[in-house]
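Trainee: Show me how the following folds:
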Amino acid sequence: MPRLDLLWTDVLIWLLVGLTALFATHASRQPHLRGAWRNVMRSRTAMISAVVLGTYAAIGLTDSVHFNPRLADGEDGRPVYSTQLVSLLDLLAAPLLEKREKTYSAPLATHAFVKETIELPDGSTRRDYPRLNYGGAHLEDPERDWLPDVLRTSGQGVLAGAAVWGSFVLLVSAIGARRQPWSVAGQAARLLGGRTELPWHAALWTLLVVLALAGAAILLSGKYHVLGTDKVGQDVFYQAVKSIRTGLVIGTLTTLVMLPAALVLGIAAGYFKGWVDDVIQYLYTTLNAIPGVLLIAAAVLLMHLYMSSHAEQFDSVTERADLRLLFLCAILGVTSWTSLCRLLRGETFKLRELEYVQAAHAMGVRHATVLYRHVLPNVMHIVLITVVLDFSGLVLAEAVLSYINIGVDPSTDSWGNMINSARLELAREPVVWWSLTAAFLFMFILVLAANLFADAVRDAFDPRLRNAR
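Mentor: Got it, this is the predicted structure:
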């Protein structure tokens with residue numbers, strides 16, 4: 001069996017999952033938080049976005065469990081493991097890794113995109129598009145059999161996804177029927193018909209679309225290259241799916257770096273005022289005066305120089321790329337905490353003058369207790385809204401930084417690296433468009449879902465919007 005070997009980003013991702021679970025448990029016990037999140041769930045847009053974000057998160061978590069494959073037993077009988085790290089997603093998508101073509105091929109193609117010199121049975125040669133080694137290799141006559149086979153395989157995938165969705169709906173309906181005086185069929189009809197307090201029908205129908213598309217893509221990828229192949233013949237669909245983890249890491253782990261500094265310094269500046277406020281203002285004003293791109297570029301170049309000078313400290317290319325990814329998250333966190341800090345400072349200025357805070361001071365309550373009991377809970381809506389809104393910006397920042405070669409390591413699968421590599425492909429004739437399109441499509445769906453969900457969170461948690469209703 002393979003040996004579990006988690007990367008630093010894996011550990012931090014699962015730590016973030018644990019913290020999210022703790023926050024969800026805490027929110028379920030607090031009436032005001034429970035009510036606010038219930039208002040979020042009342043939005044059909046938020047429920048649809050949550051399904052999409054959950055799909056991305058599931059793929060990212062599957063790609064955040066890494067192993068060292070077992071090679072063989074050594075002379076002393078002990079198992080020998082490879083130094084190459086593979087994730088659980090790599091194991092599930094192993095056929096896509098093995099089916100590598102020579103060079104470019106279009107989505108669902110059966111022939112290569114570039115003409116080659118082909119030797120005919122009679123010994124003569126001609127320039128033509130050769131058959132792919134794996135894409136559509138099972139077809140005897142591609143011109144005749146390709147379209148029926150694609151339609152049949154897609155239909156089977158859609159039906160398989162619908163079957164999984166139906167089983168899930170029946171399971172949820174059976175659980176709900178035990179708590180309410182409804183039959184399983186009646187509960188399913190209520191869920192799918194939108195006759196519940198929360199719009200579960202929006203989430204379930206969205207889940208049907210996701211599972212149907214996933215089923216069709218999975219079955220088609222077993223016979224074709226769904227989104228084509230790149231210059232070295234690697235499957236573009238696999239690259240786009242693998243890039244999900246990088247986008248999620250950038251968007252979430254940066255929060256772990258940014259949030260503590262913004263919370264502590266922002267609340268301290270607004271609460272204590274005086275020289276504390278002056279020092280903190282000087283700190284974030286100075287940091288804001290430095291162009292963010294230049295600071296990130298300098299830090300990444302220093303990190304690259306260190307890794308080049310100490311190559312013996314890294315057992316594999318994956319660990320080296322992971323450290324660079326983690327360092328990029330740290331740099332983005334250092335350069336992005338100032339805006340939240342400024343917002344918290346202004347909100348704390350207002351809170352410290354309110355009656356209940358003044359009453360706590362008059363009763364001799366310690367500053368730490370006042371901050372924990374009265375100030376922190378009343379600024380959490382700003383923290384939550386800012387974090388959710390900043391997620392999509394950080395995902396886009398990774399793409400931009402990788403495009404100018406100061407982002408993640410070139411060996412790391414990311415949408416930015418895909419866009420960067422597709423830059424020269426657009427100058428070809430005919431144009432190789434599918435790498436750029438795949439990266440744009442996956443990134444667009446994630447950012448759109450995050451922004452729509454962030455709007456629902458802002459509407460539910462912002463006191464000014466709640467009071468205006």
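Trainee: domain parsing for the chain?
Mentor: In the domain annotation for the chain, the residue ranges read 100-221, 239-468 (automatic domain parsing).
Trainee: Centre of this protein to the edge, which residue is at the far end?
Mentor: Asp122 (53.3 Å; CA atoms, centre = their mean).
Trainee: Now do the SS call for that residue.
Mentor: Classification of Asp122 using DSSP: H, G, I helix; E, B strand; the rest coil returns coil.
Trainee: looking at the domains of the chain, which has the lowest confidence?
Mentor: Ranked by mean pLDDT, the domains of the chain bottom out at domain 239-468, which scores a mean of 83.
Trainee: looking at the domains of the chain, which is buried most?
Mentor: Ranked by mean neighbour count, the domains of the chain are led by domain 239-468 with a mean of 18 (mean count of other CB atoms under 10 Å). Yep, even glycine has a C-beta here, placed from its N, CA and C like the rest.
Trainee: thinking again about what came up before, and Thr83, which of the domains of the chain is closest to it?
Mentor: Minimum separation from Thr83 across the domains of the chain (CB to CB) falls at domain 239-468, 5.0 Å.
Trainee: Quick check: the spatially most central residue of the chain vs Pro181, distance?
Mentor: The residue lying closest to the centre of the chain (CA atoms, centre = their mean) is Leu248, at 2.8 Å. Distance of Leu248 to Pro181, given as CB to CB, to the nearest Å: 41 Å.
Trainee: what do you get for Ala240?
Mentor: As for Ala240, its distance to Pro181 is 47 Å (criterion: CB to CB).
Trainee: and if you look at His201?
Mentor: From His201 to Pro181 the distance is 20 Å (CB to CB).
Trainee: all helices of the stretch 351-469 of the chain, in order?
Mentor: Secondary structure of the stretch 351-469 of the chain (DSSP state H, counting those that start in this stretch): helices located at 355-362, 367-370, 376-403, 415-425, 434-461, 463-468.
Trainee: Now tabulate those in CSV and tack on distance to Arg152.
Mentor: Converted to CSV, those look like this (distance: least, CB to CB, whole Å):
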stretch, distance to Arg152
helix 355-362, 68
helix 367-370, 67
helix 376-403, 36
helix 415-425, 30
helix 434-461, 23
helix 463-468, 50
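Trainee: mind checking which of the ones you listed is nearest Ala24?
Mentor: Closest of these to Ala24 is helix 376-403, at 12.5 Å (criterion: CB to CB).
Trainee: any idea which helix or strand carries the closest residue to Ile13 other than its chain neighbours?
Mentor: Of all residues not flanking Ile13 in the chain, Ser64 sits nearest, at 4.8 Å (CB to CB, 6 or more residues apart in numbering). For Ser64, there is no host helix or strand (DSSP states H and E).
Trainee: Tell me which residues touch Ser64, please.
Mentor: Thr9, Asp10, Ile13, Trp14, Ser87, Arg245 (CB atoms under 8 Å, 6 or more residues apart in numbering).
Trainee: re earlier: you'd agree the residue nearest to the centre of the chain is in a helix?
Mentor: Yes. Assessed with three-state DSSP, Leu248 lies in a helix.
Trainee: Is Leu343 in contact with Leu384, as I believe?
Mentor: No. The criterion here is CB atoms under 8 Å, and Leu343 misses it with Leu384 at 12.0 Å.
Trainee: close enough to count as contact, Met443 and Leu248?
Mentor: No. If you go by CB under 8 Å, Met443 and Leu248 don't touch, sitting 11.6 Å apart.
Trainee: what separates the residue farthest from the centre of the chain from Asp128, distance-wise?
Mentor: Between Asp122 and Asp128 the computed distance is 15 Å (CB to CB).
Trainee: if we can go back for a sec, mind putting the contacts of Ser64 in JSON lines, distance to Lys115 and secondary structure included?
Mentor: Converted to JSON lines, these look like this (distance: CB to CB, whole Å; DSSP: H, G, I helix; E, B strand; the rest coil):
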{"residue": "Thr9", "distance to Lys115": "42", "secondary structure": "helix"}
{"residue": "Asp10", "distance to Lys115": "44", "secondary structure": "helix"}
{"residue": "Ile13", "distance to Lys115": "45", "secondary structure": "helix"}
{"residue": "Trp14", "distance to Lys115": "48", "secondary structure": "helix"}
{"residue": "Ser87", "distance to Lys115": "37", "secondary structure": "strand"}
{"residue": "Arg245", "distance to Lys115": "36", "secondary structure": "helix"}
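Trainee: Show me just the buried residues among these.
Mentor: Buried members of these, counted by 16 or more other CB atoms under 10 Å: Thr9, Asp10, Ile13, Ser87, Arg245.
Trainee: nearest residue to Val257 other than its sequence neighbours?
Mentor: If the residues on either side of it in the chain are set aside, Val257 comes closest to Gly333, at 2.6 Å by CB to CB, 6+ apart.
Trainee: Might you quantify the distance of stretch 10-29 from its chain's geometric centre?
Mentor: From the chain centre to the centre of stretch 10-29 is a distance of 16 Å (CA atoms, centre = their mean, to the nearest Å).
Trainee: residues of it that come out buried?
Mentor: By neighbour count on 16+ other CB under 10 Å, the buried set for stretch 10-29 is Asp10, Leu12, Ile13, Leu16.
Trainee: Quick one: these as JSON lines, columns for distance to Pro291 too.
Mentor: Listed next are the buried residues of stretch 10-29 as JSON lines, based on distance: CB to CB, whole Å:
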{"residue": "Asp10", "distance to Pro291": "32"}
{"residue": "Leu12", "distance to Pro291": "28"}
{"residue": "Ile13", "distance to Pro291": "30"}
{"residue": "Leu16", "distance to Pro291": "29"}
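Trainee: mind giving me JSON lines with these and columns for pLDDT?
Mentor: Converted to JSON lines, the buried residues of stretch 10-29 look like this (pLDDT from 0 to 100):
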{"residue": "Asp10", "pLDDT": "87"}
{"residue": "Leu12", "pLDDT": "87"}
{"residue": "Ile13", "pLDDT": "90"}
{"residue": "Leu16", "pLDDT": "88"}
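Trainee: Looking at these, which is nearest Leu92?
Mentor: Nearest to Leu92, judged by CB to CB, of the buried residues of stretch 10-29 is Asp10 at 16.5 Å.
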